[in-house]
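Engineer: what's the 3D shape of this:
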Amino acid sequence: MRKIKRNAFISSLVAMAVVIHSVEMFIPSPSPWLRFGFANIIALTAIAMFGLRVGLMVTILRVFLGTILMGTFFTPAFFLGMGGGIGSTLVMGMAYKQFKGIFSLVGISVMGAYTHNIVQLVIVYLLFIRHSEVFYVLPVLLLFGILTGILNGIAATYLTTHMARFSFVQFDPIP
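Structural biologist: Below is the predicted model of the structure:
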């Protein structure tokens, strides 16, 4: 029964991530190429509660299902979202495991936001725009990454704190 509850809980995290991903498409952003990345709150929550493997699963399923629902499957948005999502989830998962006593979820979220932005920019360069000038937007992306990383980290801290009451969750909170 414990495994069924755990799987149901993880499935609800995936569902939340897909909904947030889809709804975020309709939130006005400061620029057409900037998004808040609110679905990463769920990936970071999954990492804190279940580990990197579940965090990656949530991220991959979120991008697949979200892009299918939004009609952007196998478009540039899909490749950018998948690359940035996997890269940031890997960095957040490794940072959580190695530095959870040093960095809070806010710090780990900022690392993930930076990674997400850098990976997406590299993908844009490698697949779409083969001009080094594409990297001129990096300072703007990194500044925006600080803001979104802080907001998402605060939200993930709140979410993990309140979800830790479920007994079937193997949760190791960060101070």
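Engineer: Report the separation between T161 and T67.
Structural biologist: According to C-beta to C-beta, to the nearest Å, T161 stands 31 Å off from T67. For the C-beta atoms, the positions are set from N, CA and C on the backbone; glycine is no exception.
Engineer: Show the low-confidence segments of the chain, by residue range.
Structural biologist: 1, 31-33, 166-175 (pLDDT under 70).
Engineer: what residue lies at the spatial centre of this structure?
Structural biologist: N40 (2.5 Å; C-alpha atoms, centre = their mean).
Engineer: Next, the contact list for that residue, please.
Structural biologist: N40 sits next to 85, 88-89, 109, 112-113, 116, 152 when contact means C-beta atoms under 8 Å, 6 or more residues apart in numbering.
Engineer: Name the member of those residues with the most neighbours.
Structural biologist: G112 (34 neighbours; other C-beta atoms under 10 Å).
Engineer: Now for the spatially closest residue to L44 that is not a sequence neighbour: which residues touch it?
Structural biologist: The shortest distance from L44 to any non-neighbouring residue, by C-beta to C-beta, 6 or more residues apart in numbering, is to A156 (4.1 Å). When contacts are counted by C-beta under 8 Å, 6+ apart, A156 touches 41, 44-45, 48, 105, 109.
Engineer: ok, so of those residues, who is nearest S11?
Structural biologist: The shortest approach to S11 among the contacts of A156 belongs to T45, at 13.9 Å (C-beta to C-beta).
Engineer: What does that closest one show for phi and psi?
Structural biologist: phi -60, psi -40 (degrees, to the nearest 10).
Engineer: May I ask you to name the longest helix in the chain?
Structural biologist: In the chain, taking DSSP state H as the definition, the longest helix is helix 138-163.
Engineer: wait, M111 sits on A95?
Structural biologist: Yes: counting by C-beta atoms under 8 Å, M111 does reach A95; the two are 5.2 Å apart.
Engineer: joint contacts of those two?
Structural biologist: F103.
Engineer: sorry, back to before: and T161 and T67? which has more neighbours close in?
Structural biologist: Ranked by neighbour count (other C-beta under 10 Å), T161 and T67 place T67 first, with 21 against 14.
Engineer: quick one, what contacts the more buried one?
Structural biologist: 73-75, 77-78, 81.
Engineer: gap between the residue nearest to L44 and F99?
Structural biologist: Distance from A156 to F99, by C-beta to C-beta: 15 Å.
Engineer: In the chain, what residue spans correspond to helices?
Structural biologist: 2-24, 40-50, 52-70, 76-99, 105-123, 138-163.
Engineer: Good, wrapping up.
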